[in-house]
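Student: My questions are about this predicted structure, shown below with the sequence.
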Amino acid sequence: MRYEAPESLDAAVALLAGEAGLARILAGGTDLLVQLRSGRVEPDLVVDVKRIPELCAIAAEDGGFRVGAAVTGAELGEHAEAAHREAGAEAAGTANGLIAVGAMADITAAAARDAGLGRVSAVADVDSPAQELRGWPQPGRGGVLKASRPPRTAPLDPGAPASSISIPAKL
(Lines give C-alpha, C1' and ligand atoms only; values in the text may rest on other atoms or scores of the structure.)
Protein backbone atom coordinates (compact mmCIF):
# COMPACT_ATOMS: atom_id res chain seq x y z
CA MET A 1 0.00 0.00 0.00
CA ARG A 2 1.30 3.41 -1.02
CA TYR A 3 0.43 6.51 1.08
CA GLU A 4 0.39 10.02 -0.40
CA ALA A 5 -0.50 13.33 1.25
CA PRO A 6 -0.77 15.98 -1.48
CA GLU A 7 -1.11 19.66 -0.64
CA SER A 8 -3.40 20.65 -3.52
CA LEU A 9 -6.68 19.41 -4.91
CA ASP A 10 -5.16 19.10 -8.40
CA ALA A 11 -2.37 16.87 -7.05
CA ALA A 12 -4.90 14.65 -5.22
CA VAL A 13 -7.04 14.28 -8.33
CA ALA A 14 -3.96 13.42 -10.42
CA LEU A 15 -2.89 10.74 -7.92
CA LEU A 16 -6.35 9.18 -7.89
CA ALA A 17 -6.73 9.35 -11.67
CA GLY A 18 -3.29 7.83 -12.21
CA GLU A 19 -3.80 4.81 -9.94
CA ALA A 20 -4.60 1.64 -11.86
CA GLY A 21 -5.41 -0.33 -8.70
CA LEU A 22 -7.75 0.31 -5.79
CA ALA A 23 -7.45 3.83 -4.35
CA ARG A 24 -9.07 5.25 -1.23
CA ILE A 25 -9.27 8.78 0.18
CA LEU A 26 -8.35 9.41 3.80
CA ALA A 27 -10.21 12.44 5.16
CA GLY A 28 -11.50 11.94 8.71
CA GLY A 29 -10.15 8.42 8.75
CA THR A 30 -12.69 6.58 10.84
CA ASP A 31 -14.37 4.61 8.04
CA LEU A 32 -11.19 3.80 6.14
CA LEU A 33 -9.18 2.89 9.24
CA VAL A 34 -11.89 0.48 10.40
CA GLN A 35 -11.98 -1.14 6.95
CA LEU A 36 -8.17 -1.45 6.85
CA ARG A 37 -7.94 -2.96 10.34
CA SER A 38 -10.69 -5.48 9.63
CA GLY A 39 -9.12 -6.48 6.33
CA ARG A 40 -12.26 -5.58 4.36
CA VAL A 41 -10.25 -3.33 2.06
CA GLU A 42 -6.65 -3.43 0.88
CA PRO A 43 -6.05 -0.38 -1.31
CA ASP A 44 -3.02 0.04 -3.51
CA LEU A 45 -3.07 3.79 -2.78
CA VAL A 46 -4.32 5.88 0.14
CA VAL A 47 -4.55 9.61 -0.58
CA ASP A 48 -4.66 11.69 2.61
CA VAL A 49 -6.49 14.94 1.79
CA LYS A 50 -6.15 16.60 5.21
CA ARG A 51 -3.26 18.79 4.01
CA ILE A 52 -5.33 20.43 1.26
CA PRO A 53 -6.43 23.82 2.66
CA GLU A 54 -9.72 24.20 0.76
CA LEU A 55 -10.85 20.73 1.88
CA CYS A 56 -10.26 21.59 5.56
CA ALA A 57 -11.94 25.01 5.59
CA ILE A 58 -15.24 26.35 6.89
CA ALA A 59 -15.95 29.66 5.19
CA ALA A 60 -18.81 32.15 5.25
CA GLU A 61 -20.52 32.31 1.87
CA ASP A 62 -23.64 34.22 0.77
CA GLY A 63 -24.99 34.33 4.34
CA GLY A 64 -24.38 30.58 4.81
CA PHE A 65 -21.27 28.42 4.97
CA ARG A 66 -19.09 26.29 2.71
CA VAL A 67 -17.74 23.23 4.51
CA GLY A 68 -14.71 21.43 3.09
CA ALA A 69 -14.91 17.68 2.51
CA ALA A 70 -12.16 16.97 5.08
CA VAL A 71 -13.65 19.08 7.90
CA THR A 72 -14.12 16.82 10.91
CA GLY A 73 -17.30 16.54 12.93
CA ALA A 74 -15.47 18.02 15.93
CA GLU A 75 -14.41 21.07 13.88
CA LEU A 76 -17.94 21.51 12.58
CA GLY A 77 -19.28 21.26 16.14
CA GLU A 78 -16.87 23.94 17.35
CA HIS A 79 -18.02 26.17 14.49
CA ALA A 80 -21.68 25.53 15.37
CA GLU A 81 -21.04 26.57 18.97
CA ALA A 82 -19.40 29.79 17.81
CA ALA A 83 -22.37 30.51 15.53
CA HIS A 84 -24.82 29.99 18.41
CA ARG A 85 -22.78 32.30 20.67
CA GLU A 86 -22.78 34.94 17.91
CA ALA A 87 -26.57 34.62 17.47
CA GLY A 88 -27.11 35.11 21.20
CA ALA A 89 -24.89 38.18 21.33
CA GLU A 90 -26.61 39.64 18.26
CA ALA A 91 -30.04 39.09 19.82
CA ALA A 92 -28.96 41.17 22.81
CA GLY A 93 -28.40 44.14 20.50
CA THR A 94 -31.59 43.81 18.50
CA ALA A 95 -34.33 42.39 20.76
CA ASN A 96 -35.98 42.82 24.13
CA GLY A 97 -35.90 39.11 24.85
CA LEU A 98 -34.78 35.75 23.56
CA ILE A 99 -36.12 32.23 23.75
CA ALA A 100 -33.39 29.94 22.48
CA VAL A 101 -34.63 26.55 21.30
CA GLY A 102 -32.81 23.29 20.64
CA ALA A 103 -29.78 21.27 21.64
CA MET A 104 -27.52 24.34 21.78
CA ALA A 105 -30.08 26.66 23.37
CA ASP A 106 -28.01 27.02 26.55
CA ILE A 107 -25.02 28.31 24.55
CA THR A 108 -27.16 30.87 22.70
CA ALA A 109 -28.93 31.98 25.88
CA ALA A 110 -25.68 32.33 27.86
CA ALA A 111 -24.19 34.55 25.15
CA ALA A 112 -27.33 36.74 25.15
CA ARG A 113 -27.15 37.10 28.94
CA ASP A 114 -23.42 37.86 28.80
CA ALA A 115 -24.17 40.60 26.25
CA GLY A 116 -26.67 42.21 28.63
CA LEU A 117 -30.05 40.87 27.50
CA GLY A 118 -32.26 40.62 30.57
CA ARG A 119 -35.10 38.38 29.49
CA VAL A 120 -33.64 35.11 28.23
CA SER A 121 -34.93 31.56 28.28
CA ALA A 122 -33.46 28.34 26.95
CA VAL A 123 -35.66 25.37 26.13
CA ALA A 124 -34.65 22.07 24.58
CA ASP A 125 -37.92 21.10 22.88
CA VAL A 126 -40.09 22.88 20.35
CA ASP A 127 -43.28 22.72 22.45
CA SER A 128 -41.98 24.83 25.34
CA PRO A 129 -41.54 28.23 23.59
CA ALA A 130 -45.29 28.78 23.21
CA GLN A 131 -45.81 28.26 26.94
CA GLU A 132 -42.82 30.48 27.73
CA LEU A 133 -44.16 33.27 25.50
CA ARG A 134 -47.53 33.36 27.31
CA GLY A 135 -45.87 35.18 30.20
CA TRP A 136 -44.20 37.76 27.99
CA PRO A 137 -46.96 39.93 26.44
CA GLN A 138 -46.44 43.52 27.49
CA PRO A 139 -46.82 46.67 25.38
CA GLY A 140 -43.59 47.51 23.63
CA ARG A 141 -41.97 44.14 24.35
CA GLY A 142 -40.78 41.78 21.66
CA GLY A 143 -39.08 38.47 21.39
CA VAL A 144 -36.72 36.71 19.08
CA LEU A 145 -37.14 33.00 18.63
CA LYS A 146 -34.13 31.12 17.40
CA ALA A 147 -34.81 27.53 16.49
CA SER A 148 -32.84 24.97 14.56
CA ARG A 149 -33.97 23.96 11.11
CA PRO A 150 -33.89 20.38 9.86
CA PRO A 151 -31.12 19.68 7.36
CA ARG A 152 -31.91 19.24 3.67
CA THR A 153 -29.89 17.30 1.18
CA ALA A 154 -29.31 17.97 -2.49
CA PRO A 155 -28.45 15.27 -5.02
CA LEU A 156 -24.83 15.24 -6.17
CA ASP A 157 -23.77 14.75 -9.76
CA PRO A 158 -22.51 11.15 -9.66
CA GLY A 159 -19.69 11.98 -12.06
CA ALA A 160 -18.30 14.94 -10.13
CA PRO A 161 -16.19 14.74 -6.98
CA ALA A 162 -17.32 16.97 -4.12
CA SER A 163 -14.65 19.07 -2.45
CA SER A 164 -17.11 20.89 -0.16
CA ILE A 165 -20.78 21.41 0.55
CA SER A 166 -22.59 24.71 0.75
CA ILE A 167 -24.98 25.33 3.64
CA PRO A 168 -27.30 28.22 2.72
CA ALA A 169 -28.38 30.82 5.24
CA LYS A 170 -31.99 29.60 5.00
CA LEU A 171 -32.76 25.93 4.46
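Tutor: Perfect, I can see it now.

Student: What ranges does the protein have for its helices?
Tutor: Secondary structure of the chain by DSSP state H: the helices cover 9-18, 30-38, 73-94, 105-114, 128-134.

Student: What's the mean pLDDT across the first one?
Tutor: In this model, helix 9-18 has a mean pLDDT of 94.

Student: could you say what helices and strands that helix packs with?
Tutor: strand 23-26, strand 45-48 (3 or more Cβ pairs under 8 Å, 6 or more residues apart in numbering; DSSP states H and E). (Glycine included, C-beta is placed from N, CA and C.)

Student: before we move on, the earlier item: so which of the helices of the chain is the most surrounded?
Tutor: Across those, averaging neighbours per residue (mean count of other Cβ atoms under 10 Å) puts helix 105-114 on top, at a mean of 21.

Student: neighbouring contacts of that helix?
Tutor: The contact list for helix 105-114 (Cβ atoms under 8 Å, 6 or more residues apart in numbering) reads 81, 84-89, 91-92, 98, 100, 120-124, 146.

Student: hmm, which helix or strand of the chain has the shakiest average pLDDT?
Tutor: Using mean pLDDT, DSSP states H and E, strand 144-146 stands out as the lowest-scoring helix or strand of the chain, at a mean of 46.

Student: Thanks a lot, catch you later.
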